[in-house]
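Participant: What follows is a predicted structure for the sequence shown.
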Amino acid sequence: MKFFFTLTILLYTSSTFAQNVGIGIAIPDEKLQVDSTIRVGKNAIIVQGSTKKNTIKFGDGDYVTIGEQNKDDRLVLNAGSFSFANGNVGIGVDSATEKLDINGLIKIRSGAPAVGKVLTSDAIGRATWQDLPNNIGTKKKISIPCSAFQPEFASIGLNISVINGNWIYYDNGVSSSVDMYAPLTFPDGVKITQMSIYYLDNSTTDFTARIEIVTYNPPGISYSSLTGSSITTSGISGIGVFSQKLSTGVLGTIIDNIGKSYFIRISPNGNWPGIDLKIGMIEIEYEIL
C-alpha cells in the first residue's frame, strides 16, 4: 500500500524598515537606544564611515565626564570648554610628568607670530608674540653714595667723616698721598658716557681733588686710570650754600669685566680743607651697545 503525503513549506522573508531598537526603554528615538549602563570588553568600539562626519554625542546636559570605573573622572566636557579635572596631558610621550608634557615642536598661530618674535606673558599668564626687546642705545645711570668710600691704607690713621650718610670729607691736614676708593659694578660691554660729581664748597683756600674711574687687574697691585675730572675750590667762603655739580663726558670707555674690577678714586692734591669741602654723590651714565 502506498501512502502519499503532501509537505507544504512556507518561506517567510521579514524586513523591518524605519524601526528603532530600544533596551530599557519602551519607545526608542534612535536606531539603538540604551537606557542603562553599557559595558564593553577589551575590544574597541569602531565608528566607521567614508567622511569626517561621524560623531559621538553625550546628551544635552551641562557636564559630561569620562574616566575609569571606580576612579576619578578625568575628562570634563562642558558647554564651550574641554578640560582635564586632574592629572597630566602628554603629547608624543607615553607618560606625562607635567600638566602639559610635549615631545616635539609647538606651533602657536595666534598673536601675530613672525621671525625673531618672543612669546611674552601678561600679568595673568596670557602669552602673545612680541618683538624682541631692543635696549641698544639705551642710557642708564648708577649712583655711588659717599658711604661706599674707603681709604686706600687704613693703617695710617686716616679719618674719613660722613655726615648723616649724605656727605663725606677728609679731616683737616690729610696728605695728598692718600686716596679713597669705592667699588663700581657695570654690565659687561657698556660704554661710559658721562660722570657727574655732586659736592659742596665752603673752602677759603684753593684746593683740587681728582675724581676718576680706575681699573684694577689682579694679581697686580696698581690701578690704571681710565678717565676723570677734577673739582677745585674757589677759595671764597660761602660759595657752597647749594650743592654744585661737575659733569664730564667720557668717550669710548668700554667696560670689560673679564679679569678686571672698577673703582671710583678720589685723590687729594694737597691737604684736604676739612669739612669745608664735602662730596655727596658720584653719578655715572652708561650706554648699552
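Facilitator: That came in fine, so what should we check first? Numbering: from 1, shown residues only.
Participant: Quote the end-to-end distance of stretch 179-190.
Facilitator: 27 Å (CA to CA, to the nearest Å).
Participant: Sort out which residues of that stretch are buried, please.
Facilitator: 179-182, 184, 186, 190 (16 or more other CB atoms under 10 Å). Backbone N, C-alpha and C define where each C-beta goes, glycine included.
Participant: what's in contact with it?
Facilitator: The contact list for stretch 179-190 (CB atoms under 8 Å, 6 or more residues apart in numbering) reads 142, 144, 148-152, 158, 160, 170, 192, 213-214, 254-258, 261-268, 282, 284, 286-289.
Participant: hmm, which of those are the buried ones?
Facilitator: Neighbour counting by 16+ other CB under 10 Å classes 144, 148-149, 151, 158, 160, 170, 192, 213-214, 255, 262-268, 282, 284, 286 among the contacts of stretch 179-190 as buried.
Participant: Which ones among those residues lie within strands?
Facilitator: 144, 151, 160, 170, 192, 213-214, 262-268, 282, 284, 286 (DSSP state E).
Participant: Please identify which of the buried residues of stretch 179-190 is nearest to Val93.
Facilitator: Lowest distance from Val93 to these (CB to CB) belongs to Val190, with 43.6 Å.
Participant: what about the closest residue to Leu100 other than its chain neighbours, how many residues close to it?
Facilitator: What sits nearest to Leu100 in space, not counting adjacent residues and going by CB to CB, 6 or more residues apart in numbering, is Val89, at 5.3 Å. Val89 has 13 neighbours, counted by other CB atoms under 10 Å.
Participant: Would you quantify the distance from Val89 to Arg109?
Facilitator: To Arg109, Val89 is 19 Å away according to CB to CB, to the nearest Å.
Participant: Looks like the residue nearest to Leu100 contacts Thr97 (just checking).
Facilitator: No. The criterion here is CB atoms under 8 Å, and Val89 misses it with Thr97 at 10.9 Å.
Participant: Can you pull the residues that touch both of these two?
Facilitator: The contact lists of Val89 and Thr97 share no entry, where a contact means CB under 8 Å, 6+ apart.
Participant: Just list whatever residues bridge to Ile168.
Facilitator: Ile168 forms beta bridges with Val162, Ile279, as assigned by DSSP bridges.
Participant: okay, it: pLDDT?
Facilitator: What the model reports as pLDDT for Ile168 is 80.
Participant: What strand or helix carries Ser247?
Facilitator: For Ser247, the host element (DSSP states H and E) is strand 244-254.
Participant: So if we follow the domain assignment, how does this structure break up?
Facilitator: Following automatic domain parsing, one finds the domains of the chain at 59-132, 139-287.
Participant: Packed most tightly, which of those domains would that be?
Facilitator: domain 139-287 (a mean of 16; mean count of other CB atoms under 10 Å).
Participant: Now do the contacts for Cys146.
Facilitator: 162, 165-168, 279-281.
Participant: quick check, nearest of those residues to Asn134?
Facilitator: Of the contacts of Cys146, the one sitting nearest to Asn134 (CB to CB) turns out to be Met281, at 30.6 Å.
Participant: Help me confirm that that closest one comes into contact with Ser147.
Facilitator: No. If you go by CB under 8 Å, Met281 and Ser147 don't touch, sitting 10.1 Å apart.
Participant: Now find how far off-centre stretch 19-26 is within its chain.
Facilitator: 61 Å (CA atoms, centre = their mean, to the nearest Å).
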